[in-house]
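Engineer: Here is a sequence with its predicted model. Questions after.
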Amino acid sequence: MVLREVGVHGQQLLRDSSALVVGLGGLGSAAALYLAGAGLGRLLVADRDRVEPANLQRQVLYVAGDVGRPKTEAARARLAALNPEVEVTAFEGRLEPARLAAMVAEADVVLDCTDNFPTRFAINAACVRARKPLVSGAAIRFEGQLAVCDTRRGDGACYACLFPQPGAPAEACEEAGILGPVVGAIGSLQALAALKLLLGREAGVNRLQIWNALDMTWRTITFARDPACPVCAR
């Protein structure tokens, strides 16, 4: 509340807002913790996996005692311990289209913290249909990516405008490797972008930001709405 750009009014906006975090791995762990700490009124979290020992290096929502528990169960307990005033609703299992659509409809902003293109495209399509802003993050090895899509804006592109083809299957962190702070940094930036969207501030819409953690450099690629996009074209 001390921040002039937020203030009492902004804090109340956050308390009256909700966010959906899809994927509770390294990205979702950091994002969910910062959103809960910021005082959002409601957090919806979704994942179908259980905590594994290899997750602990980068998935900061969990501790060794959580190994074997569903991620949604462990996450809900940790987020409630951080801020008991935040209502946490957890969705476990596969994201069938109807279920995903219902989850997106309940949120004011959606954070895609998943690691595969089919799910990313499904989340994007659901956000376009429901006219909800999407904050997409990705990280592998020493590289991170952040993109914000908001088709509520007249010029707002969607994720499919940026990546029109599903492309090759994405590598998993378990296969390619990742340094824990890299994925944590991108997840934190996803939370930052989501908070700015909820506060009505500029959040970097229509920009893909790519971070090389080895040499600490950023590249920004500007993209535009594709008038022929099969997902968001009007």
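Structural biologist: Received it, and whenever you're ready, just let me know what you need.
Engineer: going forward, measure contacts and count neighbours with C-alpha atoms only.
Structural biologist: Will do.
Engineer: longest helix in the chain, by residue count?
Structural biologist: Of all segments of type helix in the chain, defined using DSSP state H, the longest is helix 180-198.
Engineer: next structured bit after that one?
Structural biologist: Later in the chain than helix 180-198, the nearest helix or strand by DSSP states H and E is strand 207-212.
Engineer: export that following strand as PDB, just CAs?
Structural biologist: Backbone C-alpha positions of strand 207-212 (Å, rounded to 0.1, in the frame of the first residue of the first chain) are rendered in PDB as follows:
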ATOM      1  CA  ARG A 207       6.100  -8.600 -26.600                       C
ATOM      2  CA  LEU A 208       8.100 -11.800 -26.300                       C
ATOM      3  CA  GLN A 209      10.900 -11.300 -23.900                       C
ATOM      4  CA  ILE A 210      13.800 -13.700 -24.000                       C
ATOM      5  CA  TRP A 211      16.400 -13.900 -21.200                       C
ATOM      6  CA  ASN A 212      19.800 -15.500 -21.500                       C
END
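Engineer: hmm, who's touching it?
Structural biologist: Strand 207-212 has contacts (CA atoms under 8 Å, 6 or more residues apart in numbering) with 142-148, 217-223.
Engineer: nearest to R129, of those?
Structural biologist: Nearest to R129, judged by CA to CA, of the contacts of strand 207-212 is V148 at 16.3 Å.
Engineer: Contact partners for that closest one?
Structural biologist: Under the criterion of CA under 8 Å, 6+ apart, the neighbours of V148 are 133-136, 193, 203-208.
Engineer: ok, back up a step: what is the longest helix of the chain packed up against?
Structural biologist: helix 7-15, helix 26-37, strand 109-112, strand 134-140, strand 143-149 (3 or more CA pairs under 8 Å, 6 or more residues apart in numbering; DSSP states H and E).
Engineer: change it to 10 Å
Structural biologist: The criterion is 3 or more CA pairs under 10 Å, 6 or more residues apart in numbering; DSSP states H and E, and the helices and strands that helix 180-198 contacts are helix 7-15, strand 18-22, helix 26-37, strand 109-112, strand 134-140, strand 143-149, strand 207-212.
Engineer: between that helix and strand 134-140, how many degrees?
Structural biologist: Taking axes from the mean of the first three to the mean of the last three CA atoms, to 10 degrees, helix 180-198 and strand 134-140 form an angle of 170 degrees between their directions.
Engineer: Any buried residues in helix 180-198, and which?
Structural biologist: Of the residues in helix 180-198, those with enough neighbours to count as buried (16 or more other CA atoms under 10 Å) are 180-198.
Engineer: where does that helix sit relative to the chain's centre, distance-wise?
Structural biologist: Distance, stretch centre to chain centre, for helix 180-198: 8 Å (CA atoms, centre = their mean, to the nearest Å).
Engineer: I'd like to know which helix or strand in the protein has the lowest mean pLDDT.
Structural biologist: helix 173-176 (a mean of 64; mean pLDDT, DSSP states H and E).
Engineer: So A122 sits against L100, correct?
Structural biologist: Yes. A122 sits in contact with L100 when judged by CA atoms under 10 Å, with a separation of 8.3 Å.
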